[in-house]
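Enquirer: I'd like to go over a predicted model; first the sequence, then the structure.
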Amino acid sequence: MKFHTEYLHFETKKHRAYVHITPQVEKILERSGVRDGMILVSAMHITAGIYVNDDEEGLIHDIDEWLEKLAPFKETYQHHRTGEDNGDSHLKALLIHHEVILPVTNGKLDFGTWQRVFYAEFDGQRKKRVIVKVMGE
Amino acid sequence: MKFHTEYLHFETKKHRAYVHITPQVEKILERSGVRDGMILVSAMHITAGIYVNDDEEGLIHDIDEWLEKLAPFKETYQHHRTGEDNGDSHLKALLIHHEVILPVTNGKLDFGTWQRVFYAEFDGQRKKRVIVKVMGE
Amino acid sequence: MKFHTEYLHFETKKHRAYVHITPQVEKILERSGVRDGMILVSAMHITAGIYVNDDEEGLIHDIDEWLEKLAPFKETYQHHRTGEDNGDSHLKALLIHHEVILPVTNGKLDFGTWQRVFYAEFDGQRKKRVIVKVMGE
């Protein structure tokens, strides 16, 4: 059984951003040498998430607008009494979820045709990390 | 360590549908011979999800109504500029999430009394697939 | 490959509650002896969830208020025809999700600075269980 761990680093220019990371995850999978197993891709922050969906610009716009509607910026979050102003970033991260498990078969990501993995930043313009842990044989 | 992979196939009659798949997942677990470990159940599409909850007809109706309220069909999604009309299906899939990890102990799904696993179809009437990967010993 | 399984037990005083369980999960990890791998933490009920976010009182209040807004208590859920009155508890559990996978590296939870794992109870005042399964070497 192999366990191969790498970390991805981000510092987005925008406060919110959706970064397509399938190519980086595939390179880590190659370096791991794993042929069958899975990959844990997990944000190491409480204001960021990981999700799998389509790499289509219009859809990414829709996702962002939808998240702002369901988990809007508001001044009145109690979390802001700590001096923070990112209560909505936490809620958006909870909605999207902070991690995914991706299947690996025959040395490849066992994805459907349109599946791609994304890093979702909800409180950017600072250094962030994602752990990618490949587990298998 | 064993890795046993099978695929489930769906073509629902309705546009949206919730299909109870615990029996199929249990049969795959039996065929794998795994006694301790876990099962990744993951939709291979970007308009479908997998979730664990109760197999109760009224609740399934409530879940469907709730998803339509939080991620409604609208003509105005930017994703529709590609010619698609399923923007809401993507958002519903993000809300439900596309995969689950199920624990296996003593050769059985280590579920609570009422836990059941479901395939949630948000853009049906076409061929879809789910990967079921059992990993353990 | 080691598989080490323990169960956490809860009986919250309130109907809804958010219980910080990182210390318990860390003790289970220690007892497992696993140095590299992952931990599945999964609620065994359909009205409870597991999530990773900040252990900050104001934020926990915001999360609770937000869940009640997006998945409110209502008398009119069809699920209530069974005699239950917890339709909203199921929807809240779906929104938060019932399980997480936590990475383990060098014998420790490989968490970011502020990440903590929580048990989210949406229908408490009764006995509940969470499975914690450590898998690795």
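Expert: Perfect, I can see it now. Numbers count the residues shown, from 1 in each chain, chains lettered A, B, ... in the order given.
Enquirer: what residues does chain A have near chain B?
Expert: A:1, A:36-38, A:51-54, A:56-59, A:61-63, A:66, A:70, A:95-97, A:100-103, A:105, A:110-112, A:114-115, A:136-137 (CB under 8 Å from any CB of the partner chain). In this view, the C-beta of every residue, glycine as well, is placed from N, C-alpha and C.
Enquirer: which among these are in contact with chain C?
Expert: Of those, the ones that also sit near chain C (CB under 8 Å from any CB) are A:M1, A:L70, A:L95, A:H97, A:I101.
Enquirer: could you tell me how far the fourth one is located from C:L95?
Expert: Spelled out, that is A:H97. From A:H97 across to C:L95, the span is 10 Å (CB to CB, to the nearest Å).
Enquirer: need the buried ones from the residues of chain A next to chain B selected in PyMOL.
Expert: Selecting only the buried entries of the residues of chain A next to chain B in PyMOL, with 16 or more other CB atoms under 10 Å in any protein chain shown as the criterion:
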select buried, chain A and resi 1+36+37+38+51+52+53+54+56+58+59+62+63+66+70+95+96+97+100+101+102+103+105+110+111+112+115+136
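Enquirer: of the residues of chain A next to chain B, which belong to helices?
Expert: Among these, the members falling in helices (DSSP state H) are A:E57, A:G58, A:L59, A:H61, A:D62, A:I63, A:W66, A:L70, A:L95, A:I96.
Enquirer: and the fourth one, what does it touch?
Expert: Taking CB atoms under 8 Å, 6 or more residues apart in numbering or on different chains as the criterion, A:H61 is in contact with B:Q78.
Enquirer: circling back to that earlier point, which single one of the ones in helices among the residues of chain A next to chain B is nearest to A:L8?
Expert: Nearest to A:L8 among these is A:I96, at 16.6 Å by CB to CB.
Enquirer: any idea what the spatially most central residue of chain A is bridged to?
Expert: The geometric centre of chain A, computed from its C-alpha atoms, lies nearest to A:I50 (CA atoms, centre = their mean), at 2.2 Å. Taking DSSP bridges as the rule, A:I50 bridges to A:Y119.
Enquirer: ok, now how distant is it from chain B?
Expert: A:I50 sits 11 Å away from chain B when distances are taken as CB to the nearest CB, to the nearest Å.
Enquirer: give the contact list for that residue.
Expert: A:I50 neighbours (CB under 8 Å, 6+ apart): A:41-43, A:96-100, A:117-120, A:130.
Enquirer: can I get the residues you listed in a markdown table including distance to A:H80?
Expert: Output for these, formatted as a markdown table (distance: CB to CB, whole Å):
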| residue | distance to A:H80 |
| --- | --- |
| A:V41 | 30 |
| A:S42 | 27 |
| A:A43 | 22 |
| A:I96 | 21 |
| A:H97 | 23 |
| A:H98 | 21 |
| A:E99 | 26 |
| A:V100 | 30 |
| A:V117 | 32 |
| A:F118 | 28 |
| A:Y119 | 25 |
| A:A120 | 22 |
| A:V130 | 26 |
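Enquirer: what pLDDT, on average, does the strand or helix carrying A:F3 get?
Expert: Per DSSP states H and E: A:F3 is located in strand A:2-10. Averaging pLDDT along strand A:2-10 yields 98.
Enquirer: partner strands of that strand, parallel or antiparallel?
Expert: strand A:128-136 (antiparallel).
Enquirer: what's in contact with the strand holding A:F3?
Expert: Contacts for strand A:2-10 (CB under 8 Å, 6+ apart): A:19, A:21, A:24, A:28, A:31-34, A:37, A:44, A:119, A:121, A:124, A:127-137, C:36-37, C:103, C:105, C:110, C:136-137.
Enquirer: which outside residues touch the helix or strand following that strand?
Expert: Note on strand A:2-10: by DSSP H and E, the next helix or strand toward the C-terminus is strand A:17-20. Outside strand A:17-20, the residues within contact range by CB under 8 Å, 6+ apart are A:10, A:12, A:55, A:60, A:63-64, A:116-121, A:124.
Enquirer: at 6 Å instead, please
Expert: A:D55, A:I60, A:R116, A:F118, A:Y119, A:A120, A:E121, A:G124 (CB atoms under 6 Å, 6 or more residues apart in numbering or on different chains).
Enquirer: C:N86: which of the residues you listed is nearest?
Expert: A:A120 (30.7 Å).
Enquirer: once you drop chain neighbours, what's closest to the closest one?
Expert: Excluding its sequence neighbours, the residue lying closest to A:A120 (CB to CB, 6 or more residues apart in numbering or on different chains) is A:G49, at 4.4 Å.
Enquirer: show me the contacts for that neighbour.
Expert: A:G49 neighbours (CB under 6 Å, 6+ apart): A:A43, A:A93, A:I96, A:H97, A:H98, A:A120.
Enquirer: measure the last one to A:K133 for me?
Expert: Right, the one you point to is A:A120. From A:A120 to A:K133 the distance is 19 Å (CB to CB).
Enquirer: show me what the residue nearest to A:L109 when sequence neighbours are not counted is bridged to.
Expert: Among residues not flanking A:L109 along the chain, A:L102 sits closest, at 5.7 Å (CB to CB, 6+ apart). Going by DSSP bridges, A:L102 is paired in beta bridges with A:I39.
Enquirer: on the pLDDT front, check A:L102 for me.
Expert: At A:L102, the pLDDT recorded in the model is 98.
Enquirer: okay, it and C:M44: tell me how far apart.
Expert: 25 Å.
Enquirer: and A:Y119, by the same measure?
Expert: According to CB to CB, A:Y119 stands 31 Å off from C:M44.
Enquirer: and what of A:L91?
Expert: 26 Å.
Enquirer: what is the burial count for A:L40?
Expert: Close neighbours of A:L40, defined as other CB atoms under 10 Å in any protein chain shown, add up to 22.
Enquirer: so it makes contact with A:K133?
Expert: Yes: A:L40 is in contact with A:K133 according to CB atoms under 6 Å; the separation is 4.6 Å.
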